[in-house]
Every structure is written in structure tokens, then in C-alpha cells.
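Novice: from the sequence below, what's the structure:
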Amino acid sequence: MKNVIERLSGGRQEHIDRLVEWLRIPSISTDSRRNGDVRQAGQWILDELSASGFDARLDETAGHPVCFASWTQAADAPTVLIYGHYDVQPPEPLELWRHGAFEPTLEGENLIARGATDDKGQVLALVRGVCGVLQEQGSLPINVKFLIEGEEEIGSPNLAPYIESHQEELAADVAVIADCSQFGPGMPAITVALKGLVYLEIFVQGPNRDLHSGSFGGSVENPANALTRILGSLRDEEGHITIPGFYDRVRDLTTEQRAAFAELPFDDEGYRDELGVPQLHGEAGWTTLERKGARPTLDINGLLSGWTGEGAKTVLPAHASAKLSMRLVADQDPKEIEALVTEHLHSLCPPSCTMKVSTHHGAEPVLVERNSEWLEAAARAIEKGFGKAPVYIHEGGSIPVVSDLKRILGIDTILLGLGLPDDNAHSPNEKFHLPDYQRGIETIAWFLDEVAP
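Specialist: So this is what the prediction gives:
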């Protein structure tokens, strides 16, 4: 492995240059005007894999294409399936970026751009590491397949059908995903739990047109008033979700799990100051880390009604809408929670309005098996790549493909965190710490070595 690591270390600038090139492509999957850019980003990673010796292709779906690549010449060796995504979040608000969102800029040791850490930087670290081994040795010690999609940021609507129809090609012993964070600077981590997700949009309709609030106010229900009353009732003052049945299947933390949370070095005051809030808030009876990683949540993600332009307009709006997400924990079922919440919302709608609730996307919660030879191999690889043993953490985010891979292919997933918690994923000035990019490249090379027969 010495020659491999020396090659990967000596290629630092090339690794960065390739990432910068990929980050320049504005592959925003939710914006139909960017469909060509999304495809270009998929073609870019296909070319990267093909040039290194992988058999790669771009497969069409009902939406954005999937890049599938494989190298399977290691007889009697295990097979690892590496997943990532090449689509990115919208960059707005643009005025908050210090540089153009798709003009990668170096600030010290950080590379600033949309997609830098979520997920182009992290998945390219895995690609560059694996391809570096192949180029240096002329072969791989195990079989490796890549599944890199372009719809993760819109809920991967076409990924599960793709996996279903390509089960034989995608067959593997374990999956590896780098779309998470370390616990903190200098604290590499393996994520052992992910929250599930239910994302709803609520539409409340009042009169058939916007009305003059002076002439009609007091005689017609204002749908914005009705909606805010409904939303305000979904949680109590202590952060407890009030929807009947919502907590019925929640798996409480064990004494050992709570002790593991307590052992992690976390500073509530520093966290509060970093976020610029006067006080932390969450469900009573749980610590901040427990709330973030292991308790279900309900949050309003967007509100729209009435006049939102400059100045005043005394309007009684015809309709109001809100986007609502719930993060779920084991053993909550997204379909069951969706039905519970939808029924509850309708029960709260006053007879003076009508309501429609639609579902955007969801994901199953995930718990990773801790007693696993794959997890142990990943921990050894991280210790070699980062120079420090990883901690094991719960993540509040969702990665829908993890449950799809388990359900369809029957394989578990190792969740590596190469980014940092303050990387501004989904926010302006997203960044990736380049030393961690390099460590990730070397870590995946060590992982191939650790799982080789």
C-alpha cells in the first residue's frame, strides 16, 4: 500500500483541480432549466471513471440519469457498492455567497462552492481513491461498483425503481456512502443511525380571490390565520409533537446509548454561539445531541400567503400554504406517519376553509449494525487515513438510498463522514475542508486493503 498512498498523496493538486472542474457545473436537479447541466455532471463523472479503467455508462431514468460503473475482475473477493450523487441544492439566496456559487474559490484550506461537500467533494474523494489504487496497481484487491445518481436532492424518485430493475448488476456484499459529516474538526466519524423523513405541503383555500381586508375582514376566514393556528398547534411549548399516535413506534434510547451520547465532546454554549441564537430549544427531557440525532422532529420549512412584496397591501389572501417536514427515528414508518399527520391536519381545518395535503418525498429511518466486520474494517481504514480512530454518531439527516439498498439488495451500508458540521450544506458558502478531502481519498484506499481477502 505504500506506493498507492504515495501516489494519492502526490496527486493532491490534481485531486483539487478535478473537483473544481466538476463543481463548476450547476447540476441543480430541482430546476428544470438546469436539466442539461445535470446531465453534463453525470457525463463528467462517467468520463472520470472510464478514464481510470472502469466499465461505465449513463443509464436513463424517468428523470435524471444514473451513472453506473464497475470493475469486477477480482475472483473470490468481496464486492463493494459505492453510492453518491452529482446533483446539488439550489444556491439561493445568491446575495449571501461571498463568491459565485458555481465559481469554486479557495479560502485558506477550504474550497467554497455549491456541492463542495454535498456530495460532489465526498463522492469524488471515493472515486479518486479507488481509481488511484487501480492506476497504481493495475487492478483492485476487491470488486467495486459505483452507483452515482442525479436526483438525491429531490428525494431520489427514480432510484428505487432503477435498483429494482438492475439487482443483478448492483449485487454486492456491502455499500459505502460518504454523504455525512465528521463529529467535528479532527474527530472522524462513522454514522450508525439516520433519521427518516416525511415531507408534506399544505394548501388552505379561503375565498375565491384576494379580498380587501377592510371591506371583507371579520366576515370571511383568512386562510393565513387558519393555517398559522393549525401549524402552531402541532408542537407544544416544550417541543413535544402533539399529533395523536406520532410517538407510538418511537424506539427510546437505551441507557448505553444515552451514555454514548454523553461521552461525545459537545459544548451547548459554543453550539448556540456558532448559530447566533440566544437560547437552544428542543424537546424537553433530552440533550441537544439526543434531540439532533435520536428524537423525531417536526419543522415548518416554508410559508406563503398574501402580499410578500415591498411595502403594504391590505389584502385578505385567498389561500395559504406551508411546507412541513418530519424527521423520524427507528421504528417509525413514513407511510404511517404521513397518514397520521394528514388526517390530523384535516381534522384541524376550520369548516370556513378547505384543505389539501400533498406528499413530496420520504425516507425510512436507518440503524446500522454495530457488530459488523465491514464496520470494523472501515474504522481501521479511517484510523489510517485520518490518523485517529472514529467515533460513532447519529445523524439527523436522511439518505433514502440506504433503506432501498437494504430492502432491495439485502446489504448494509457503511456511512463515512468526510465533511464537517459547519460545511454549510444546503446553505450559502458551502465548503469542503481540503485536508479532509485528501484524507477521504486515502481512507477509501485503505478500506479496499482492509476488506481484501
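
Novice: and the residue lying closest to Asp55 once chain neighbours are set aside, how many neighbours?
Specialist: Excluding its sequence neighbours, the residue lying closest to Asp55 (CB to CB, 6 or more residues apart in numbering) is Ser70, at 5.4 Å. For the C-beta atoms, the positions are set from N, CA and C on the backbone; glycine is no exception. Look at Ser70: counted by other CB atoms under 10 Å, it has 20 neighbours.

Novice: same check on Gln135?
Specialist: If you count neighbours by other CB under 10 Å, Gln135 ends up with 15.

Novice: ok, the residue of the chain most remote from its centre to Ile241 distance?
Specialist: Here the chain reaches farthest from its C-alpha mean at Ser215, the gap being 47.5 Å by CA atoms, centre = their mean. Distance, Ser215 to Ile241, using CB to CB, to the nearest Å: 39 Å.

Novice: now swap in Leu140 and tell me
Specialist: Remark: distance between Leu140 and Ile241 (CB to CB) = 47 Å.

Novice: same drill for those two, tell me which one is more crowded.
Specialist: Leu140 (21 against 16).

Novice: which stretch of helix or strand covers the more buried one?
Specialist: Counting by DSSP states H and E, no helix or strand carries Leu140.

Novice: now do the same contact list for it.
Specialist: The contact partners of Leu140, by CB atoms under 8 Å, 6 or more residues apart in numbering, come to Trp71, Gln73, Ala74, Val130, Val133, Leu134, Leu448.

Novice: what's near enough to touch Ala294?
Specialist: Counting by CB under 8 Å, 6+ apart, Ala294 has contacts Ala193, Leu253, Gln257, Phe261, Trp286, Val329, His394.

Novice: how close does Ser352 sit to Val220?
Specialist: 8 Å.

Novice: Arg327 in helix, strand or coil?
Specialist: On the three-state scheme (DSSP: H, G, I helix; E, B strand; the rest coil), Arg327 is labelled strand.

Novice: how near is the closest residue to it other than its chain neighbours to Gly218?
Specialist: Sequence neighbours aside, Lys195 is the residue nearest to Arg327 in space, at 4.1 Å (criterion: CB to CB, 6+ apart). Lys195 is 43 Å from Gly218, where distance means CB to CB.

Novice: quick check: Lys195 touching Ala330?
Specialist: No. Here Lys195 does not reach Ala330: they are 9.2 Å apart, not a contact under CB atoms under 8 Å.

Novice: any residues in contact with both of these two?
Specialist: Pro365.

Novice: those two: who's more crowded?
Specialist: Neighbours per residue, other CB under 10 Å: of Lys195 and Ala330, the larger number sits with Lys195, 26 against 16.

Novice: my guess is the residue nearest to Asp55 meets Lys145, correct?
Specialist: Yes. Counting by CB under 8 Å, Ser70 touches Lys145, with 4.5 Å between them.

Novice: so what sits against both of the two?
Specialist: Contacts common to Ser70 and Lys145, judged by CB under 8 Å, 6+ apart, are Glu169.
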